[in-house]
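Undergrad: give the three-dimensional model of this entry:
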Amino acid sequence: MNTNARPHPLPLVMFLASLLSGGCVSSKPVGDQKADLTSRAGTGPAKTFVYECGDDNTFTLRVQGESAWLFLPQGSKRLPSVPSGSGAKFSDGSATYWSKGEEALLELNGKTYRGCVNNRQMAIWEDAKLRGVDFRAVGNEPGWYLEISEQSRLLFVDNYGQDRHEFVLSGPSVDTVSRATRYQVQGDAHDLTLTLEGRPCTDNMSGESFETTVTLVFEGRRLSGCGKALH
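TA: This next block holds a predicted model:
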């Protein structure tokens, strides 16, 4: 079993088309292909989990309020909250998710998957995808990340999450030969230059491989990192 499917895709940022060849086909939510997961799931902050159950069995689940969304290869399933003696339990009768402490259980198609543990690092990326982020990048020393959403909104979070800056992207410079795209933007009294290159990149702390090499120049500081498209 691998239920780590992707939700309904948003349009890709224009530069990704020139940087990346090919892409992933995402599953559409069951019932309403344009479902707004946030509004349908209820109020309160949403939490995303990527559970690993052993033997390469994984699944992605997002909980908000009285509902949980289970993402499957054929689409997504909404599981309403049901009474539980302990922990949190959600079920639609055909699929049941039950979490207690750091572990979770999933019953699906007559099978039970026990001892499922959340992979927090993977959950961060899945959460960004479900929030509609099109592209995400990370870097170290100091820790930073950036997210591009809605084809033009850029969020840059610096200094281990302490500083947040928002920009609007426009007018990129694209070099199709070197597969590089460059943005020069200004916002909240700060300047930022962003360069994306379509060549492999390896995170120097986690060792994780990415498809895009990212370079930032922010207020005279040069930062290097890695990123990938999420849709």
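Undergrad: what residue ranges in this structure score low on pLDDT?
TA: 3-43 (pLDDT under 70).
Undergrad: care to break this structure down by domain?
TA: Taking automatic domain parsing as the reference, the chain has its domains at 2-10+25-122, 132-229.
Undergrad: what's the first-to-last distance across the longest one?
TA: By that I understand domain 2-10+25-122. Using C-alpha to C-alpha, to the nearest Å, the end-to-end distance of domain 2-10+25-122 comes to 14 Å.
Undergrad: isn't residue 70 up against residue 59?
TA: Yes - between residue 70 and residue 59 there is a contact under C-beta atoms under 8 Å: 6.7 Å. The C-beta positions use only the backbone N, C-alpha and C, and glycine is treated the same way.
Undergrad: before we move on, back to that, save the domains of the chain as CSV, and put in mean neighbour count too.
TA: Listed next are those as CSV, based on neighbours: other C-beta atoms under 10 Å:
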stretch, mean neighbour count
domain 2-10+25-122, 16
domain 132-229, 16
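Undergrad: just how off-centre is the longest helix that the chain contains within its chain?
TA: If you go by DSSP state H, the chain has its longest helix at helix 120-130. The chain centre lies 4 Å from the centre of helix 120-130; the measure is C-alpha atoms, centre = their mean, to the nearest Å.
Undergrad: for stretch 145-152, same thing?
TA: 11 Å.
Undergrad: tell me which helix or strand residue 78 sits in.
TA: strand 75-80 (DSSP states H and E).
Undergrad: which helices and strands does that strand pack with?
TA: helix 37-41, strand 67-72, strand 88-91, strand 95-100 (3 or more C-beta pairs under 8 Å, 6 or more residues apart in numbering; DSSP states H and E).
Undergrad: among those, which is nearest residue 220?
TA: helix 37-41 (37.9 Å; C-beta to C-beta).
Undergrad: gap between the residue sitting furthest away from the middle of the chain and residue 58?
TA: No residue in the chain sits farther from the centre than residue 85, which is 32.1 Å out by C-alpha atoms, centre = their mean. In this view, residue 85 and residue 58 are 27 Å apart by C-beta to C-beta, to the nearest Å.
Undergrad: so what's residue 93 up against?
TA: Counting by C-beta atoms under 8 Å, 6 or more residues apart in numbering, residue 93 makes contact with nothing.
Undergrad: on the three-state scheme, it is what?
TA: Secondary structure, DSSP: H, G, I helix; E, B strand; the rest coil: residue 93 is coil.
Undergrad: what do you get for residue 160?
TA: Looking at residue 160 with three-state DSSP, the answer is coil.
Undergrad: identify the residue spatially nearest to it, adjacent ones excluded.
TA: Take residue 160 and drop its neighbours on the chain: the residue closest to it by C-beta to C-beta, 6 or more residues apart in numbering is residue 143, 4.5 Å away.
Undergrad: check residue 184 too.
TA: Nearest to residue 184 is residue 193, by C-beta to C-beta, 6+ apart, at 5.1 Å.
Undergrad: got the CA coordinates for stretch 142-149 in PDB?
TA: Only the C-alpha atoms of stretch 142-149 are listed here, as PDB (Å, rounded to 0.1, in the frame of the first residue of the first chain):
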ATOM      1  CA  PRO A 142      21.100  29.900   9.200                       C
ATOM      2  CA  GLY A 143      18.000  27.800   8.500                       C
ATOM      3  CA  TRP A 144      15.700  29.400   5.900                       C
ATOM      4  CA  TYR A 145      12.900  28.400   3.500                       C
ATOM      5  CA  LEU A 146      10.900  30.000   0.700                       C
ATOM      6  CA  GLU A 147       7.500  29.200  -0.800                       C
ATOM      7  CA  ILE A 148       6.000  30.400  -4.000                       C
ATOM      8  CA  SER A 149       2.200  30.300  -4.200                       C
END
